[in-house]
Structures are given as structure tokens and as C-alpha cells.
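Q: Have a look at this prediction, sequence included:
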Amino acid sequence: MSTTETPLAGQRLVVFAPDIPWPANRGGRADVWRRIQALRSQGAAVLLVHLYEAGGPLSPTPADWAHVKHHVDAHECFPMKRGRALTLRRLLNARRVPWHAATRVPEPVDEARIRAAVQAFAPTAMWLEGPWFGELACKFADAFAVPLAYRSHNVEHRYLLGQARAAKRLRDQLAWRLTCVGLAGYEHMLMRRADAVFDISIDDMAFWQGRGIQGAHWLPPLPEMAMAATALAPVPGDIVFSGNLRTPNNLLGLRWLVGEVMPRVWQQAPEARLRVVGSSPSAELRDELARLARVDTDFDVPSVQPFVLGARVLANPVFVGSGVQLKTLDMLSTDAPIVTRAQGLRGLPAELRSLLRVADDADAFAQALIEARAAADPWLQGRAGFRRQFSAAGIAQTVGAALAACRPSSGIGHS
């Protein structure tokens with residue numbers, strides 16, 4: 001496709017992502033990665049800036065680095081820095097710069113290198129994925145006199161507080177709560193500062209509008225199949241759950257599914273099996289699931305799409321969170337029946353409710369799974385309409401129109 005035919009022709013976006021977005025093996029990463037590819041497919045050039053872990057299991061592999069660099073136009077990053085002095089300084093300053101944003105303030109030598117790369121890139125806009133790179137994105141928007149676009153993934157302070165409440169251990173509860181310090185005001189400041197706000201969720205957009213943020217645009221996530229059909233063969237499964245296995249909300253939902261729902265399913269359908277597909281499980285969770293004879297596990301797979309495509313029934317038991325659950329959109333891109341709790345539809349148009357089976361208590365959820373296993377899903381025609389709505393072209397039209405209406409930023413005139 002010629003870039004002259006697209007709404008984003010000529011746009012040169014510096015995208016600030018919280019961490020390296022590949023491998024896209026959990027919802028937040030997948031949302032960022034798919035959007036980058038969609039923007040580029042519609043004519044935009046992208047310079048990606050991100051943080052990364054320099055060691056341990058979350059450290060990118062050589063293949064990860066190669067994949068990222070192949071799929072963006074330019075790339076800059078710096079490693080996570082830790083230390084007692086840094087921790088103390090970040091905590092003392094948390095009311096002005098919240099914890100996760102403070103970890104993404106680069107050292108002067110890294111900032112100078114990134115600034116030089118941005119200058120050579122000749123950007124037309126800064127694109128901030130969530131609040132975490134807020135300090136650098138605002139500084140560069142002013143320095144290069146270009147608009148600042150803010151992409152809201154969640155009402156982050158409410159989302160992180162929900163994670164704190166869902167965490168099992170006191171230490172984890174305290175850690176999640178510390179990340180909330182100063183965050184509500186910081187999010188609000190960034191939205192007021194931005195020249196364009198793109199919200200993942202209709203519900204979240206209404207929340208911020210009630211707090212004075214006007215002119216936001218709904219920008220839904222992209223299902224994986226909106227970008228490209230998988231070249232991998234579907235992996236057959238019975239009842240399939242997929243998700244990041246580190247966040248408390250996913251763990252709480254999974255344990256509810258395993259402990260409350262599946263025993264009810266097995267009473268009526270003892271042959272039923274649950275397949276859990278997820279990233280970064282703890283040793284405790286691995287052992288917990290390994291003890292269950294009718295539960296199969298696939299951890300840290302390159303892509304969950306073959307498992308989702310091969311499912312007989314897709315289950316979403318998560319009931320804590322905000323924003324939009326990307327897994328819901330990926331599920332709607334398949335032909336399998338879907339059973340979800342009401343939280344799975346949060347932030348999406350009300351008409352999508354008719355395309356899924358919604359059940360919030362264990363008895364109803366189990367019964368919906370049993371019925372879904374026994375019959376083909378009757379709502380495939382409606383899903384075809386959904387797939388047309390959630391497309392790269394649709395994203396490009398929204399972004400292109402909003403950016404075209406922005407005036408160059410000079411740091412003047414922002415609240």
C-alpha cells in the first residue's frame with residue numbers, strides 16, 4: 001500500500017513504551033506492539049523508545065532485539081536501574097513523579113543519546129503509551145515543538161489499587177500501593193498537558209470526562225488477527241484460559257476458575273479439560289497447576305494465538321481491572337464460544353455483550369461452559385461485524401484525524 005493513500009502519511013512518531021513490547025506475550029505488550037505495526041502499516045514512521053530489564057528471566061534475548069529492530073524505523077532504549085539510593089530518591093519524590101514513572105527517567109548520558117536520535121528522526125509528534133514515560137515525552141514535545149499524544153491504557157491509579165487488593169501477600173499489597181502514590185494527579189496532569197488523548201476504554205473515557213478532560217478519542221486495542229492471520233497451526237484444546245500469570249487480577253481469576261468453577265464442570269462433564277496458557281508463572285503456581293490431573297499448561301509460548309484458535313471454548317474469569325481486556329478482543333476474533341465475567345466487557349460497546357456468554361457466579365459460569373462445550377456458537381455473523389470495526393485502517397483514521405487537528409506544542413497554552 002502506498003503511504004500517500006493513508007491517513008498517516010508523513011507522520012513520524014516517537015513512541016514511548018513502558019518496556020520492550022516484544023515478545024508480545026501479555027496484554028499490555030501486545031496492545032503496544034500491534035498498534036505500532038498498525039501505525040506503520042498505515043504510513044507512519046516510528047522511533048521506539050523503551051525501558052528494558054538488563055538481566056534475569058525478563059531480559060530480552062538476541063532474537064527479541066532483532067525482531068524489534070526489524071519492525072520499527074528507529075530504536076532507542078536504556079536499562080532499568082536499581083539501588084538503595086535510587087529507591088530512596090524515587091520514594092521521596094513519588095508525589096510529584098510516581099514510582100513507575102521515576103524508573104523511566106534516564107540518566108543524563110542516556111537522555112542525551114536519545115535526544116540526538118529523536119532530533120535526527122525529525123519527529124512530527126510524541127506518542128506516550130501510558131503515563132510511565134511522562135517526564136521524557138513532555139520534555140521532548142516541548143524541545144522539538146511537536147504535539148504530545150497520550151494513550152491511556154487504564155485509569156492507572158484505580159487499576160494498580162485493584163491489583164493491591166487482589167494480591168495475596170502483604171509485601172505485594174504494600175508494593176502495589178506504593179506505585180499508586182501521586183499517580184492520580186500525574187495521570188490527570190498528562191491528559192491536560194497532551195494535545196490529543198486516546199483512551200482504550202469507553203468507560204475510562206467517561207471517567208476522565210467527569211474530571212474535566214475533554215476531546216478524548218476512543219482508540220480500542222487491535223485483536224491479533226486484525227494485523228495478520230497466524231501461520232501457525234491451531235493447537236487443539238477443550239476449555240482454554242490465556243493471560244499474564246504474574247498480575248494479581250489474572251491470578252485471582254484463574255484460581256477462581258480452577259477452584260470454584262471447574263469442580264462444578266467436572267461433576268457433569270468429567271472428561272472436560274482446562275488448558276492454561278500464560279506468561280511468567282511463579283514456581284508456586286506451576287506446582288499448584290501440576291497437581292491437577294485435568295489441567296494442561298503451556299507457559300511462555302511465543303504466541304497464544306494458536307491456542308486461542310484451537311479452543312473448543314474460551315474462558316475469561318478475570319473480574320478485577322480497568323481499561324479493556326485485550327483477551328476479550330482476541331477471543332472475539334475466533335469462532336469459538338466465549339464465557340466471560342462481566343468485567344471482560346468493560347470499556348467496550350454494549351452491543352458486543354450479545355456475542356459472548358456472560359456469567360458472574362461460579363454455578364452460572366460452570367453451566368455456561370458446559371453448554372458451550374455441547375453446542376456450536378450461534379453468534380458468528382455478529383462477530384464478522386466486530387472484525388470489520390476493529391481494524392488497522394480504523395485506528396489510522398482516528399489517529400490521523402486527531403493529529404491533523406493538533407497544533408505544534410511549544411509548552412505554552414497547556415494547563
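A: Right, received. Where do you want to start? Note that the structure is predicted; figures quoted are calculated from it, not measured.

Q: quick one: buried residues of the lowest-mean-pLDDT helix or strand in the chain?
A: Least confident helix or strand of the chain, by mean pLDDT, DSSP states H and E, is helix 380-389 with a mean of 70. Buried residues in helix 380-389, counted by 16 or more other C-beta atoms under 10 Å: Arg383, Phe386. C-beta here means a position set from N, CA and C on the backbone, and glycine is covered the same way.

Q: now for that helix, which elements pack on it?
A: Counting contacts by 3 or more C-beta pairs under 8 Å, 6 or more residues apart in numbering; DSSP states H and E, helix 380-389 packs against helix 326-332.

Q: hang on, the earlier thing: what is the subsequent helix or strand relative to the least confident helix or strand of the chain?
A: Per DSSP states H and E, the first helix or strand lying C-terminal to helix 380-389 is helix 392-404.

Q: average pLDDT for that next one?
A: Summarised as a single mean, pLDDT over helix 392-404 is 90.

Q: got the contact list for it?
A: 6-8, 11, 35, 37-39, 41-43, 124-125, 147, 149, 196, 198, 217-219, 222, 226-227 (C-beta atoms under 8 Å, 6 or more residues apart in numbering).

Q: relative to helix 380-389, how tilted is it?
A: Angle of helix 392-404 versus helix 380-389, following axes from the mean of the first three to the mean of the last three C-alpha atoms, to 10 degrees, is 40 degrees.

Q: distance between helix 392-404 and the chain's centre?
A: 19 Å (C-alpha atoms, centre = their mean, to the nearest Å).

Q: do the same with stretch 256-264
A: The answer for stretch 256-264 is 26 Å, by C-alpha atoms, centre = their mean.

Q: Could you do stretch 385-401 as well?
A: Distance, centroid of stretch 385-401 to centroid of chain: 17 Å (C-alpha atoms, centre = their mean).

Q: Also stretch 336-346?
A: On C-alpha atoms, centre = their mean, the centre of stretch 336-346 falls 17 Å from that of its chain.

Q: Need the residues that contact that stretch.
A: 201, 203, 253, 308, 311-325, 327-328, 331-332, 352-353, 355-360, 365, 368-369, 372, 375-377.

Q: buried subset of the residues you listed?
A: By 16+ other C-beta under 10 Å, these give 201, 203, 253, 308, 311-325, 327-328, 331-332, 352, 355-359, 365, 368-369, 372, 377 as buried.

Q: Give me the subset of those lying in helices.
A: Asp203, Gly253, Val308, Lys327, Thr328, Met331, Leu332, Phe365, Ala368, Leu369, Ala372 (DSSP state H).

Q: Pick the one among the residues you listed closest to Asp19.
A: Lys327 (19.3 Å; C-beta to C-beta).

Q: can you tell me which residues contact that closest one?
A: So Lys327 contacts Gly27, Ser242, Gly243, Asn316, Val318, Gly344 (C-beta under 8 Å, 6+ apart).

Q: run the last query once more with 7 Å
A: Gly27, Ser242, Gly243, Asn316 (C-beta atoms under 7 Å, 6 or more residues apart in numbering).

Q: Now the last one. Nearest residue, chain neighbours left out?
A: The shortest distance from Asn316 to any residue other than its chain neighbours is 3.9 Å, reached at Thr340 (C-beta to C-beta, 6 or more residues apart in numbering).

Q: tell me which residues in the helix or strand harbouring Ala206 are buried?
A: Using DSSP H and E, Ala206 sits within helix 202-209. By neighbour count with 16+ other C-beta under 10 Å, helix 202-209 contains the buried residues Ile202, Asp203, Asp204, Met205, Phe207, Trp208.

Q: Same question for stretch 257-276.
A: Quick answer for stretch 257-276 (16+ other C-beta under 10 Å): Leu257, Val258, Val261, Met262, Arg264, Val265, Ala269, Ala272, Arg273, Leu274, Arg275, Val276.

Q: From these, which land in helices?
A: Short answer: the buried residues of stretch 257-276 in helices (DSSP H) are Met262, Arg264, Val265.

Q: how about CSV for those residues, with pLDDT added?
A: Shown next, in CSV, are those (pLDDT from 0 to 100):
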residue, pLDDT
Met262, 97
Arg264, 97
Val265, 97
